[in-house]
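**Q** predicted coordinates and the sequence they were generated for:
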Amino acid sequence: MKKKSKESLQNQSDINKKDFDIDNENNENNSDDEANKSGSDIEIDIKTFPLKITMIGNASVGKTSIIKRYLENKFGLNSTEATINALFHSKKIKVDPFTEADLQIWDTAGQERYRSMTKNYLLNANGIFIVFDLCDEKSFNDLDSWLEDIKDTIDENNVIKILVGNKSDLSDIKITNENASKYAKEHDMKYLSVSAKDGVNIESLFEIMGNDCIRRIQDEQKRNEEEGALNENGQRITGLSGQFENNINIGDNNDNDGDGDKQNKKCC
Ligand code: GTP
Ligand code: MG
């Protein structure tokens, strides 16, 4: 999804002016244009990536609290009730001057009785936070079963997973950074320790997720472009000869609108 946005160059010091094709030479013919461009609004294209982000993990590890801290900058000890089924939230964040992520965040219930429901929220996810409580060994030991649920439900190659150790503000930490990082590495995830209570690393958590998801989507799009174009029947046009390869269906692997219609299209 692309939209026009007016950005003041004066507020965008990090934008390379060349990107806007601004001619800074003193050219009389363009003097009016230059006057308009120099200190005022310029239209730029912003591309928005809708991203489905799902948060899973044992009951009481702090999933709802992390989201509440991120969206409302609020925290209350014992103020959250156990989540029933799942809750939906959204927030747009700017990844760079030309790109924004529309985070569609699903806060799922950790209680065992909702487990089969929770799996449904993994479908078509672009990113998954797997949360444990740094002071609760069981929540760490149970990570295997959460990863198993992911494996059973979706193609892991299509998703960014981030391991989150919450409650870093507490003193009786049972899971060391070293152990958590090792586990994350073994399972192809990034790891971040956070505190919903103190707000530590909460912003970064969502920024990293947004960035990584968009990069993966862009890489996938690039790969598809490099591999070849399709004709209207889904046949690939190979090289300059214009010959078609049959029964090859390359799709945008990302179900950006969250409706599940594209997830299963895979290249070759
Ligand atoms: P379910 O909805 O049942 O799956 O639980 P949840 O993972 O959403 O946990 P929730 O956010 O409801 O938090 C559970 C308890 O942990 C609450 O009493 C929170 O106040 C507390 N809590 C959450 N995050 C933190 C944190 O960073 N530090 C501390 N000290 N307590 C936290
Ligand atoms: Mg909850």
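**A** Alright, I've got the coordinates. Numbers count the residues shown, from 1 in each chain. Ligands and ions are numbered 1, 2, ... in the order given.
**Q** contacting residues around N177?
**A** If you count contacts by C-beta atoms under 8 Å, 6 or more residues apart in numbering, N177 has them with 165, 193. Just so you know, the C-beta spots here come from the backbone N, C-alpha and C atoms, and that holds for glycine as well.
**Q** equivalent analysis for V194, please.
**A** 66, 164-166, 168, 200-202, 205.
**Q** sheet partners, orientation included, of the strand ranked longest in the chain?
**A** Identified as the longest strand of the chain according to DSSP state E is strand 41-57. Under the criterion DSSP bridges, strand 41-57 sits next to strand 2-8 (antiparallel), strand 99-108 (parallel), strand 127-133 (parallel) in its sheet.
**Q** what lies in contact with the longest one?
**A** The set of residues that contact strand 99-108 without belonging to it, under C-beta under 8 Å, 6+ apart, is 46-56, 63-64, 67, 83, 85-95, 114, 117-118, 121, 125, 206, 209-211, 213-214, 258.
**Q** show me where the stretch 151-268 of the chain has its helices.
**A** The residue ranges that make up the helices of the stretch 151-268 of the chain, judged by DSSP state H, counting those that start in this stretch, are 177-186, 202-227.
**Q** would you turn those helices into CSV with distance to ligand 1 and mean pLDDT?
**A** CSV is the format used below for those (distance: least, C-beta to the nearest ligand atom, whole Å; pLDDT from 0 to 100):
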stretch, distance to ligand 1, mean pLDDT
helix 177-186, 15, 98
helix 202-227, 9, 93
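**Q** quick one, which of the ones you listed is packed in tightest?
**A** Comparing these by mean neighbour count (mean count of other C-beta atoms under 10 Å), helix 202-227 comes out on top with a mean of 16.
**Q** packing partners for that one?
**A** Under the contact criterion of 3 or more C-beta pairs under 8 Å, 6 or more residues apart in numbering; DSSP states H and E, helix 202-227 touches strand 41-57, helix 63-72, strand 86-96, strand 99-108, strand 127-133, strand 160-166, strand 190-193.
**Q** among those, which comes closest to S139?
**A** Of all the helices and strands packed on helix 202-227, it is strand 127-133 that lies closest to S139, at 4.1 Å by C-beta to C-beta.
**Q** what does this structure put close to ligand 1?
**A** When proximity is defined by C-beta under 6 Å from any ligand atom, the chain lies next to ligand 1 at 59-65, 77-78, 80, 82-83, 109-111, 166-167, 169-170, 195-197.
**Q** please indicate which of those are buried?
**A** 60-65, 80, 83, 109-110, 166-167, 195-197 (16 or more other C-beta atoms under 10 Å).
**Q** any idea which of those residues is closest to F129?
**A** For these, the nearest to F129 is K63 (7.7 Å; C-beta to C-beta).
**Q** how far away is that closest one from V164?
**A** 9 Å (C-beta to C-beta, to the nearest Å).
**Q** need the overlap of contacts for those two.
**A** With C-beta under 8 Å, 6+ apart as the test, K63 and V164 both reach 57, 129, 131.
**Q** got a list of what the closest residue to the last one other than its chain neighbours touches?
**A** Yep, that's V131 we're talking about. Leaving out its chain neighbours, the residue that sits closest to V131 by C-beta to C-beta, 6 or more residues apart in numbering is G57, at 3.4 Å. When contacts are counted by C-beta under 8 Å, 6+ apart, G57 is found next to 63, 110, 129-132, 139, 146, 164.
**Q** just L71 next, same as before
**A** L71 neighbours (C-beta under 8 Å, 6+ apart): 89, 91.
**Q** follow-up on the earlier one: just checking: which of the contacts of G57 also lie near ligand 2?
**A** The subset of those lying close to ligand 2, counting by C-beta under 5 Å from the ion, consists of K63.
**Q** tell me which of the contacts of G57 is nearest to K190?
**A** So of those, ranked by how close each gets to K190 (C-beta to C-beta), first place is V164, at 9.5 Å.
**Q** so what's the closest one up against?
**A** Counted by C-beta under 8 Å, 6+ apart, V164 has contacts 57, 66, 129-132, 191-194, 205.
**Q** can you tell if stretch 183-201 touches ligand 2?
**A** No. Counting by C-beta under 5 Å from the ion, ligand 2 has no neighbours in stretch 183-201; the shortest distance is 10.8 Å.
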